[in-house]
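S.K.: sequence? don't have it. structure:
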């Protein structure tokens, strides 16, 4: 018998997956909304292993388990084959990683020990346009009462580095055969959603945005919203524009030439807004600084 940490995923789950999707996405990038949509458009049944740990067995390290979009009781490290076997051979399997963007050269280098790379149907990269992503993440962090202002900013600076890594991977996605999905376009364009499903070979059964997912506390801005169509996800930066911490985050991001270049390539409107903000935030040129 194989070592428990590296037992093949089909043995750990009790079925042979059909389409297998491995998803990478930053927090507050619509991860769970998009994955819920994918699993709603399954051919047969579906199993979703949520927020796995890179380099460890996905079946043993996942922090949450769903079957057919329904959350099941699960503890990390707990065997699940007595539950998931009911999905049956050919079921859609989704394995997700959050806040992790592998290097382009490492994407197909055994990141999931119990799932060989050649058994992954497609790697999916979820990303969100910068202004709304930064606003949503900062608001979420600020809602933690234990976080002081500097703590929030420290977390955001680390997140900016990871966000840049994700954009770099997205920019090089074609060379590694990964499929990038932009959350903003996904929300706004049914045709975009249909095209993605077709590219993944999934049937188009339910192309709506679905219900607001409870993971991560749901929306950082509209706590009472249940239907995702109610969310004003494209307006988050406007709701944060007068927040001093948000302004600091924008200034910090504007100083990263690589990040700004990637934004110009992938989301030029956000890049232009960031550049315009930087110009407006500069001190007037006629300010005199005393030598004393």
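M.R.: Cool, the structure landed. Small disclaimer: the values here were computed from a predicted structure and weren't measured. Numbers count the residues shown, from 1 in each chain.

S.K.: Please count neighbours and contacts with C-alpha atoms only from this point.
M.R.: Noted.

S.K.: Which neighbouring elements make contact with the helix or strand bottoming out on mean pLDDT in the chain?
M.R.: Of all helical and strand segments in the chain, the minimum by mean pLDDT, DSSP states H and E falls on helix 236-240, at a mean of 83. Applying 3 or more C-alpha pairs under 8 Å, 6 or more residues apart in numbering; DSSP states H and E, we find helix 236-240 packed against helix 130-142.

S.K.: Return the distance of the helix it packs on from the chain's centre.
M.R.: Here helix 130-142 shows a centroid-to-chain-centroid distance of 13 Å under the convention C-alpha atoms, centre = their mean, to the nearest Å.

S.K.: averaged over its residues, what pLDDT does that helix have?
M.R.: Mean pLDDT, helix 130-142: 92.

S.K.: Only the buried residues of the least confident helix or strand of the chain, if you could.
M.R.: 236, 237, 240 (16 or more other C-alpha atoms under 10 Å).

S.K.: Can you tell me what sits against that helix?
M.R.: Residues from elsewhere that reach helix 236-240 (C-alpha atoms under 8 Å, 6 or more residues apart in numbering): 131, 132, 134, 135, 136, 221, 246.

S.K.: Was I right to think the fifth one contacts residue 30?
M.R.: No - proximity of residue 136 to residue 30 does not meet the contact threshold set by C-alpha atoms under 8 Å, at 10.6 Å.

S.K.: burial measure for residue 35, as a count.
M.R.: 21 (other C-alpha atoms under 10 Å).

S.K.: wait, what's in contact with it?
M.R.: Taking C-alpha under 8 Å, 6+ apart, one finds residue 94 in contact with residue 35.

S.K.: so which helix or strand takes in it?
M.R.: Secondary structure assignment for residue 35, by DSSP states H and E: helix 31-40.

S.K.: Following element in sequence after that helix, please.
M.R.: Using DSSP H and E, the first helix or strand after helix 31-40 is strand 46-50.

S.K.: Who are the packing partners of the helix or strand that that next one is followed by?
M.R.: Moving toward the C-terminus from strand 46-50, the next helix or strand (DSSP H and E) is helix 58-61. Secondary-structure packing of helix 58-61 (3+ C-alpha pairs under 8 Å, 6+ apart): helix 9-13.

S.K.: Mind doing that once more with 10 Å?
M.R.: helix 9-13, strand 46-50, strand 92-98 (3 or more C-alpha pairs under 10 Å, 6 or more residues apart in numbering; DSSP states H and E).

S.K.: what angle sits between the longest helix along the chain and helix 130-142?
M.R.: In the chain, assigned by DSSP state H, the helix with the most residues is helix 149-171. If you take axes from the mean of the first three to the mean of the last three C-alpha atoms, to 10 degrees, helix 149-171 sits at 140 degrees to helix 130-142.
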